[in-house]
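Participant: Next input, structure requested:
(chains A and B)
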Number of protein chains: 2
Amino acid sequence: MSSPLTVALLGGGTVGASVAQLISESADDLTARIGRELKLTGIAVRDASKPRPGVDSKLLTEDAAGLAASGADIVIEVIGGIEPAKTLIESAIANGSSIVTANKALLAAHGAHLHKLAEEAGVDLYYEAAVAGAIPLLRPLRESLAGDKVTKILGIVNGTTNFILSKMYNDGADYSVVLKEAQDLGYAEADPTADVEGFDSAAKAAILAGLAFHTNVTSDDVYREGMTKVTADDIAAAKSLGYVIKLLAIAELTDDDKGVIVRVHPAMIPVTHPLASVRDAFNAVFVEADAAGQVMFYGRGAGGAPTASSVVGDVVAAARHRITGSVGPAQSIYADLEVRPIGEAKTSYYLNLKVSDESGVLAAISNEFAKHDVSIQAVRQDGEGDAASLIIRTHEAPESRLRATVEALENMTAVREVLGVMRVEGAGA
Amino acid sequence: MSSPLTVALLGGGTVGASVAQLISESADDLTARIGRELKLTGIAVRDASKPRPGVDSKLLTEDAAGLAASGADIVIEVIGGIEPAKTLIESAIANGSSIVTANKALLAAHGAHLHKLAEEAGVDLYYEAAVAGAIPLLRPLRESLAGDKVTKILGIVNGTTNFILSKMYNDGADYSVVLKEAQDLGYAEADPTADVEGFDSAAKAAILAGLAFHTNVTSDDVYREGMTKVTADDIAAAKSLGYVIKLLAIAELTDDDKGVIVRVHPAMIPVTHPLASVRDAFNAVFVEADAAGQVMFYGRGAGGAPTASSVVGDVVAAARHRITGSVGPAQSIYADLEVRPIGEAKTSYYLNLKVSDESGVLAAISNEFAKHDVSIQAVRQDGEGDAASLIIRTHEAPESRLRATVEALENMTAVREVLGVMRVEGAGA
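Facilitator: Numbering: from 1, shown residues only, chains lettered A, B, ... in the order given. Take a look at the predicted model:
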């Protein structure tokens, strides 16, 4: 057998340690599957003196730049964040290494740039672990569905928020209470902003949209609403109507096939939808394609071992290519679709209104919907003294028209308060 | 741009027509994704004079052997069955063509032989559509999970039987009634044997087991029980206990990591298991791996367009390889695990017994379990006159010991009748 393939690992946190462990524990299997031995040449960490159980301390180095530029066959980057990860990966590519990374923020911001460098250098750039941890998702999108036309992706891609929303649904508890619990259990960071404000989901949505629609999409292209304003009342109301509330990452083709809209926001989905039963810290991504119909991928979205599974899967793919002197498919952005604003998204709304209980109010409100060309699908009115509760479900309409309708309702004297507005997704599944 | 890549299509049935249509309708996208045009050079059918809407009649030929041997870049085989498909594929490989097929029966019987031919000839052999139609499953197993250790696969891989069992569960109807309905709706064949007796699932189980455990597994290695003996009473009893009954394809590593057991049979799974909500003609495959944890793939398992999605996805992969002069990973059977008999499978049973309602009966029965070293997890006894109904759930034990226990129970005078015995799966999920 020929000389081993060399692997440099940048990052020694939870994921890095799991990657190092998986590579060393599965050494024999990996050798058999690749056709050549993998040799870990170094692990770049912030503090090499810190004891790391199960990791060979001789491999540790604080010289990440040196390790990245060492010309290893494969450089794994699991540091996260934009810098120094970006510079290290650029340097590794310049030195002929194939790249495996789990870095969603970097890919969502500079994916096209890195893909271009990799293609020019004739090396692989893989990042299965960047979206939905252990779930094989990017390779199926990029390769298995390459003969089909994807029209929409609906994903639960953030375990922290899904844990919180599942808890709120089951316990009827408020956001702040459940957030505290999630933090105590290690499911949420001390500063939960990236998760609960949807930044993490937005980066993943950008990556998914890019692959599905053959277009370069960045985090900045993603419309983003967090889930911190979802109340226990919203969830109870949704529950009573047969819905759950999830923070969804959505990417869809516009009706004219020439644009793509990418958005992250809380939405109601029917309890019968396959995504509704995705609980706790699990992730799932639902893909609609013209020929395939509906396909769903489900599994653990985070954690050391699950993420390492995806990372090492990519290492095997890149290693096989090193041996045959080939590379996997380059970035496909030929379609170059226009990213359209959220206003053009076709959605439907649930509205919860407190209105004056007097004659003509329902007619006046219905009229306001009609004026904005928004069609009402269902209405439920309950009197409560001199006020009435009005729950309205609309048909699908462009988001801009729905927003204008809500604004007009807020200005009606008969409407005392708009208690809740929530988008509805997945009604057709 | 260089000259087109040529594609020969063997088979013009439902799947063949959908493949031809998808290739022609997506021509521009496929050209952009592959980097070169695809040109369909012929479609081999049984009767070329039969009108086929949407298919260019000039492409039709009754000379399948000639088309297979035409040296096309890619030969697609969607005829099904062992012969003439096997001979045609052998001839295509001999003429340097890469192969894309949806033929589960052929792969499950002669996969190793065809893989060997393809490897020697330096061509691709892809068959994503052979298992679970539209669901990207084989590529993720072969590539994305290549760095992990798969320990168990539980799959609903036959839409016909899942449709029948779903209907029986929802309507309380008997098998024969629902089978008739499924036949009228086109979900079941006039001769449903291949589906209801588990032959179709067994072929798919063999293919999945081979990929997951890096071992050559054929249909003959699969223990197989059909679902024709599942009664409305069995389903009602399962329902009352919080279970559904599904026909499962199961492949698992033995505890010593040195063997694999592959089996197809009806089993009870908890309603809370992700597979339990897979209804009607949908398929889903649940994979357990050491690092990834639990991963599930869900989607349409059959039908022209869904199957065509997978076929054309494989065509894109094979086409990209033709251009770069590379091939995808060859068959990986290095582990060469021993296929062990069903008796060694660790399962747990639900037993439904009619016993004499007299003192000492439960003790005698419990004693019989203890004698066979099978541990009882739960018992429910209900008196009915001089007889009692006894429902027993066992802990996991080797199937051989469970069978011996059931045999011993059948010979006890206090046991008037063994009304039902059903394996339980997925209790840990």
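
Participant: what does the stretch 101-250 of chain A put close to chain B?
Facilitator: Contact residues, the stretch 101-250 of chain A versus chain B (CB under 8 Å from any CB of the partner chain): A:128, A:134-136, A:139-140, A:143-149, A:214. C-betas here are computed from N, CA, C, even on glycine.

Participant: Most widely separated two among these?
Facilitator: The distance between the two most remote of these (CB to CB) is 27.3 Å, for A:134 and A:149.

Participant: Rebuild the residues of the stretch 101-250 of chain A next to chain B as TSV, extending it with neighbour count.
Facilitator: Compiled in TSV, those are given as follows (neighbours: other CB atoms under 10 Å in any protein chain shown):
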residue	neighbour count
A:128	30
A:134	30
A:135	30
A:136	28
A:139	23
A:140	27
A:143	23
A:144	26
A:145	24
A:146	27
A:147	31
A:148	28
A:149	19
A:214	21
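
Participant: Next, give phi and psi for the residue of chain A positioned farthest from its centre.
Facilitator: The C-alpha centroid of chain A is most remote from residue A:359, which lies 46.8 Å away (CA atoms, centre = their mean). The phi/psi pair for residue A:359 (degrees, to the nearest 10) reads phi -70, psi 150.

Participant: Identify the residue spatially nearest to residue A:155, adjacent ones excluded.
Facilitator: residue A:285 (3.9 Å; CB to CB, 6 or more residues apart in numbering or on different chains).

Participant: Which of the helices or strands spans the residue of the stretch 201-350 of chain A found nearest chain B?
Facilitator: With CB to the nearest CB as the measure, residue A:312 is the residue of the stretch 201-350 of chain A nearest to chain B, at 2.7 Å. Counting by DSSP states H and E, the element that carries residue A:312 is helix A:304-324.

Participant: Could you tell me the angle between that helix and helix B:304-324?
Facilitator: If you take axes from the mean of the first three to the mean of the last three CA atoms, to 10 degrees, helix A:304-324 sits at 50 degrees to helix B:304-324.

Participant: Now do helix A:304-324: which elements does it pack against?
Facilitator: Counting contacts by 3 or more CB pairs under 8 Å, 6 or more residues apart in numbering or on different chains; DSSP states H and E, helix A:304-324 is packed against strand A:5-10, helix A:14-25, helix A:27-34, strand A:74-77, strand A:98-101, strand A:125-126.

Participant: what's the spacing between it and its chain's center?
Facilitator: Relative to its chain's centre, helix A:304-324 lies at 21 Å (CA atoms, centre = their mean, to the nearest Å).

Participant: So what are the sheet partners of the helix or strand that it is followed by and their directions?
Facilitator: Toward the C-terminus, helix A:304-324 is succeeded by strand A:338-339 as the next helix or strand (DSSP H and E). As defined by DSSP bridges, the strand partners of strand A:338-339 come to strand A:259-270 (parallel).

Participant: in the partner strand, what's buried?
Facilitator: For strand A:259-270, a neighbour-count test (16 or more other CB atoms under 10 Å in any protein chain shown) marks A:259, A:260, A:261, A:262, A:263, A:264, A:265, A:266, A:267, A:268, A:269, A:270 as buried.

Participant: Let me know how buried the closest residue in space to the fifth one that isn't next to it in sequence is, in neighbour terms.
Facilitator: It refers to residue A:263. Once flanking residues are discounted, residue A:263 sits nearest to residue A:223: 4.1 Å by CB to CB, 6+ apart. Per other CB atoms under 10 Å in any protein chain shown, the neighbour tally for residue A:223 reads 20.

Participant: For residue A:223, give me its contacts.
Facilitator: By CB atoms under 8 Å, 6 or more residues apart in numbering or on different chains, the residues touching residue A:223 are A:261, A:262, A:263, A:264, A:265, A:341, A:342, A:345.

Participant: again, but for residue A:92
Facilitator: A:8, A:68, A:69, A:72, A:75, A:77, A:99.

Participant: Name all residues that make contact with the last one.
Facilitator: Put plainly, it is residue A:99. Counting by CB under 8 Å, 6+ apart, residue A:99 makes contact with A:74-77, A:89, A:92-93, A:114, A:118, A:123-126, A:318.

Participant: Of these - the most surrounded one?
Facilitator: Highest neighbour count within the contacts of residue A:99: residue A:76, with 33 neighbours (other CB under 10 Å).

Participant: Do I have it right that that one meets residue A:311?
Facilitator: Yes. Counting by CB atoms under 8 Å, residue A:76 does reach residue A:311; the two are 6.2 Å apart.

Participant: got any residues that touch both of those two?
Facilitator: A:19, A:100.

Participant: low-scoring stretches of chain A, by residue?
Facilitator: Low-confidence segments of chain A, defined by pLDDT under 70: A:1, A:428-429.

Participant: What residue spans form the domains of it?
Facilitator: Domain assignment for chain A by automatic domain parsing gives A:5-133+A:304-324, A:138-301, A:343-424.

Participant: Would you reformat those as a markdown table and include distance to residue B:243?
Facilitator: Shown next, in a markdown table, are the domains of chain A (distance: least, CB to CB, whole Å):
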| stretch | distance to residue B:243 |
| --- | --- |
| domain A:5-133+A:304-324 | 28 |
| domain A:138-301 | 16 |
| domain A:343-424 | 32 |
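
Participant: Relative to residue B:174, which of these is closest?
Facilitator: Counting by CB to CB, residue B:174 lies closest to domain A:138-301 out of the domains of chain A; the figure is 26.1 Å.

Participant: Could you pull out the helices in the stretch 51-200 of chain A for me?
Facilitator: According to DSSP state H, counting those that start in this stretch, the stretch 51-200 of chain A carries its helices in the segments A:64-68, A:85-94, A:104-121, A:138-142, A:159-171, A:175-184, A:193-196, A:199-213.

Participant: from the ones you listed, which stretch is densest packed?
Facilitator: For the helices of the stretch 51-200 of chain A, the largest average neighbour count (mean count of other CB atoms under 10 Å in any protein chain shown) is found in helix A:199-213, namely a mean of 28.

Participant: Appreciated, that's everything.
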